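Student: Requesting a structural model of the entry that follows:
(2 chains)
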Amino acid sequence: MAEICSPLRLPLIAGRKKPAAVTEDVCRALTRPPSGLWWAAFAAAFALLLLGTAAVSYQIATGVGTWGLNTTVGWAFDITNFVFWVGIGHAGTLISAILFLFRQRWRTSVNRSAEAMTLFAVMCAGIFPVIHTGRPWLAYWLFPYPNFRGSLWINFRSPLAWDCFAISTYFLISATFWYVGLIPDLATVRDRLASTEGGSLRHRLFSIFSLGWNGSYRVWRHYEVLYLLLAGLATPLVISVHTIVSWDFATAVIPGWHATIFPPYFVAGAIFSGIAMVLTLMLVARKAMGLEDYITTRHVDVMCKLLLLTSGIVALAYGTEFFTAFYSGNPYEEFVFLNRAKGPFAWAYWTMVSCNVLVPQLLWFRRVRRSMGVVFVLSLLINVGMWFERFVIIVTSLHRDFLPSSWASYRPTIVEVSTLAGSFGLFFTCFLIFCRILPVIAMGEVKAVLSHGQGNGGEA
Amino acid sequence: MTASTHSFTAPADLEKGIKSWRTRALAVGVVALAAGAAGGLGNPDQFFRSYLWAYLFFVGVTIGCMALLMLQYLTGGAWGVVIRRLCEAATRTFPLLLVLFLPVVLGISHLYSWSHPEVAAADEAIRHKQAYLNVPFFLGRAAFYFLGWIVFALLLNKWSLAQDTEPGSRQQLKLQLVSGPGLLFFGLSVTFMAIDWVMSIDPHWSSTMYGLLFIAGEGLSSMAFLITTLVILSRSRPFSEVITRRHLHDLGKLMFAFVMVWAYFSFSQFLIIWAGNLPEEIPWYVRRLHGGWGWVGLALAAFHFAVPFLLLLSRDIKRNYNLLTAVAVWLLVMRMVDLYWLVMPEFRKGEFGVSWMDFVIPIGLGGIWLAAFTWQLPKRPLLPPGELHLEEALAHGRD
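Tutor: Now for the predicted structure:
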């Protein structure tokens, strides 16, 4: 049955593709040898990963004293990186689960790679609390399990313990959701490989992981019900994970941390940074892999609108916090906020405000949203701004506390900077490998929206 | 069956029905409000408290309708087409709400302790806030909120009407363009409205989440109001021919989302303040959890969240006209209870209580507001004939 859609709906996929062309376009990258560009990027990412590995090994062997922490600033770089990476992970589940429930069909072109990005970002995030424990080989103590250590038991009232559950749940559900979404495409690749390299190891692996998918009506029907249910389950997780991360701070009584707006503010910020990272990666990937017909200017335009919305929410939260600091009449609250704007870390604060509030205002203009170069630069700036947001929240609230005699500053050591660089190395290494071994676009879903809006002409 | 073969204007019998509703609403409203006002002569404090509380509910439904209107233009979703004209009619009640705001202005000295110079002089914390909390600035801000709401309502209504005679993307584009800044204004105005009109009743307490609690509550109550109205109207043409269970299902899902958002914001604020347990914050909850008010708080957790949540999980309920309406009406009642719990414990410290004016004044305000809504509603076709998403929205209901 032809779908009736309004004359405003433009095609999602450009180039009036036939389904076979989609398979061809997406699978081409899997069988041809990697390009020089890919090798260069991989070498750079892997070098960073090695640097990070060295830094973390040195830190574990020596102790957390290799970091620039002191008794006043007990949380700094590592927790900033943790919150940053967890935030990056949010766009994937937003795109794959929430936009699915809202029937936003444009998501089909980006959901696969955004979900992959989520998994890699959560892996990066997980490193930091584990190494911060100082004895990562005992990290399993974070989980409550029957043990013989007497009264040694986690504190269920601590959001840090909830974090542990929230993030592991998030990772499991995201991975499951991603894998379930991959099954039809794995079967497509399996069938293609059967004709060219039947019986090879790769063919056998794809056969195993496609779980005997045969594309029948019955299989698709079960599959779609499962996908809908998983989307329903994943949706609350998008909200809950960063909410619990925000509680790590908000349930404390530190001025600058103890704010009731933190949960939605953190969630909006997470989605903001996540979409920016999706844009950073996708703008490069579409060019490098020739996917311009799938990730069109319209996709970029829509994601830019999401950036504008979440930037607005984040700005409203900044404003509310600043206003309430004055309104509350609490001198400590007031001091923390003035210290952010005028104190020794003012440069970090104004970097955050410029990148997260001022620069995104350019996105009100359609021309900006549709020029890929500008959007790429904006997405990088937003990534920087959101990293600094966490740094500002964490460090500026701590470094000048209630007692001036205990005031201190904080400066990251080379070990900390290398660890951050290493996490980027891990992220990009994983992503580059993903681009080589799995279909980066959900072919099965894209084929279902090929005819969408085609009657209305116009270019996507 | 195309859009052009339909006439979406309310037919004579429906218009007659709406008119009789309007007459009755107006009569009941005026009588009830007059009774409340008469009681107010003897007990002005109670009158203004009940009035503020009831007023917050109706202004909230109206603001929420405007926000949903702008949201559907921005997202380009076809779900909003069937409720668009209802939202527009609601936004045309802003001038009336401006007039109805006058009793709140008259009651400033009864409602807000910071407005008394002698109280402020004796209280360091209030003195600190005088730059913000003073009567002229309070009135100026209120004027600014109303100015913004009325201007945005005017533009949204004007271009939507123009689209009826000039279908095409020109008006749609203008509507989209105004909706972006409109939503921005909505976020800011509701945040500060909540601080001014409600939070400042206790000038010692503040919470950064407060504005968002109102944004969520207003979204929920307007969605519940729209679902209820749509189901009532769907008994006759033109809605009886186009509205199906599928439309209701979509709107029900959005209402379900708002139930969760409200609970998320409310619980987050509670958890953070409970865990911090600071002397400047916790009294707000202590007042709301003791002396009978605790039962109201529990009732909110159970009946504003848990029960509607469980009911709305069901697809069958979201697709059943009567059951979904029952949940929607229930949520409207619970929204009033929620506002009561936000406002009244400040005035009835330590002891739960209800005045007879808490019944007649909401009925009075509601009657008058509904009369204005039902007066505006049939003035335009009940579905926008020039809307470009119309065919898609109607087809969505059919298959």
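Student: and the stretch 201-350 of chain B, which of its residues are near chain A?
Tutor: Residues of the stretch 201-350 of chain B found near chain A (C-beta under 8 Å from any C-beta of the partner chain) are B:206-212, B:253, B:260, B:264-265, B:268-269, B:271-273, B:275-276, B:278, B:280. C-betas here are computed from N, CA, C, even on glycine.
Student: Looking at the residues you listed, which are in helices?
Tutor: Applying DSSP state H to these, the entries found in helices are B:210-212, B:253, B:260, B:264-265, B:268-269, B:271-273, B:275-276.
Student: with those in mind, which one is nearest to residue A:170?
Tutor: Nearest to residue A:170, judged by C-beta to C-beta, of these is residue B:264 at 16.6 Å.
Student: Isn't that closest one up against residue A:246?
Tutor: No - here residue B:264 lies out of contact with residue A:246, judged by C-beta atoms under 8 Å, at a distance of 11.9 Å.
Student: where in the stretch 1-150 of chain A is pLDDT low?
Tutor: For the stretch 1-150 of chain A, the stretches flagged by pLDDT under 70 are A:1-4.
Student: what helix or strand is the nearest residue in space to residue A:256 that is not next to it in sequence on?
Tutor: Nearest residue to residue A:256 in three dimensions, chain neighbours excluded: residue A:397, at 3.2 Å (C-beta to C-beta, 6 or more residues apart in numbering or on different chains). Taking DSSP states H and E as the definition, residue A:397 sits inside helix A:397-399.
Student: what's the neighbour count on residue A:62?
Tutor: 10 (other C-beta atoms under 10 Å in any protein chain shown).
Student: intersection of neighbour lists for residue B:264 and residue A:246?
Tutor: Common neighbours of residue B:264 and residue A:246, using C-beta atoms under 8 Å, 6 or more residues apart in numbering or on different chains, are residue A:263.
Student: wait, doesn't residue A:263 sit right on residue A:245?
Tutor: No - if you go by C-beta under 8 Å, residue A:263 and residue A:245 don't touch, sitting 9.2 Å apart.
Student: Touching, residue A:272 and residue A:315? I think so.
Tutor: No - counting by C-beta under 8 Å, residue A:272 sits too far from residue A:315 to count as a contact (10.2 Å).
Student: before we move on, the earlier item: just flag the most distant two among the ones in helices among the residues of the stretch 201-350 of chain B next to chain A.
Tutor: Pairwise distances across those peak at 34.9 Å for B:253 and B:276 (criterion: C-beta to C-beta).
Student: Looking at those two, which one has more neighbours?
Tutor: Ranked by neighbour count (other C-beta under 10 Å), residue B:253 and residue B:276 place residue B:276 first, with 19 against 16.
Student: related to what we said a few turns ago, Serialize the ones in helices among the residues of the stretch 201-350 of chain B next to chain A to TSV and add fields for distance to residue B:104.
Tutor: Formatted as TSV, these follow (distance: C-beta to C-beta, whole Å):
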residue	distance to residue B:104
B:210	18
B:211	18
B:212	22
B:253	35
B:260	31
B:264	30
B:265	25
B:268	29
B:269	25
B:271	32
B:272	30
B:273	27
B:275	35
B:276	32
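Student: Just the buried positions in stretch A:17-30, please.
Tutor: By 16 or more other C-beta atoms under 10 Å in any protein chain shown, the buried positions in stretch A:17-30 come out as A:17, A:22, A:23, A:25, A:26, A:27, A:29, A:30.
Student: need the next SSE after the helix or strand harbouring residue B:157, C-terminal direction.
Tutor: Assignment of secondary structure by DSSP H and E places residue B:157 within helix B:135-165. As assigned by DSSP H and E, the chain's next helix or strand after helix B:135-165 is helix B:169-193.
Student: Counting by contacts, list what that following helix packs against.
Tutor: On a contact count with 3 or more C-beta pairs under 8 Å, 6 or more residues apart in numbering or on different chains; DSSP states H and E, helix B:169-193 meets helix A:297-328, helix B:44-75, helix B:135-165, helix B:210-233.
Student: Could you check the angle it makes with helix B:210-233?
Tutor: Inter-element angle recorded for helix B:169-193 and helix B:210-233: 130 degrees (by axes from the mean of the first three to the mean of the last three C-alpha atoms, to 10 degrees).
Student: List the buried residues in helix B:169-193.
Tutor: In terms of neighbour count (16+ other C-beta under 10 Å), helix B:169-193 has its buried residues at B:171-172, B:174-176, B:178-180, B:182-193.
Student: Make sure residue A:235 is actually in contact with residue A:98.
Tutor: Yes - with contact defined as C-beta under 8 Å, residue A:235 counts as touching residue A:98 (5.5 Å).
Student: what's the single longest helix found in chain A packed up against?
Tutor: Longest helix in chain A, counting residues (DSSP H): helix A:159-197. If contacts are counted by 3+ C-beta pairs under 8 Å, 6+ apart, helix A:159-197 sits against helix A:19-31, helix A:90-93, helix A:111-132, helix A:201-209, helix A:217-250, helix A:443-448.
Student: Let me know the average pLDDT across it.
Tutor: Helix A:159-197 carries an average pLDDT of 90.
Student: Can you give the distance of it from its chain's centre?
Tutor: With C-alpha atoms, centre = their mean, to the nearest Å as the basis, helix A:159-197 stands 15 Å off its chain's centre.
Student: For that helix, buried residues please.
Tutor: Residues of helix A:159-197 classed as buried by neighbour count (16+ other C-beta under 10 Å): A:159, A:161-164, A:166-167, A:170-171, A:173-174, A:177-178, A:181-193.
Student: so who does the closest residue to residue A:181 other than its chain neighbours touch?
Tutor: Of all residues not flanking residue A:181 in the chain, residue A:442 sits nearest, at 6.1 Å (C-beta to C-beta, 6+ apart). Residue A:442 sits next to A:108, A:109, A:111, A:112, A:181, A:185 when contact means C-beta under 8 Å, 6+ apart.
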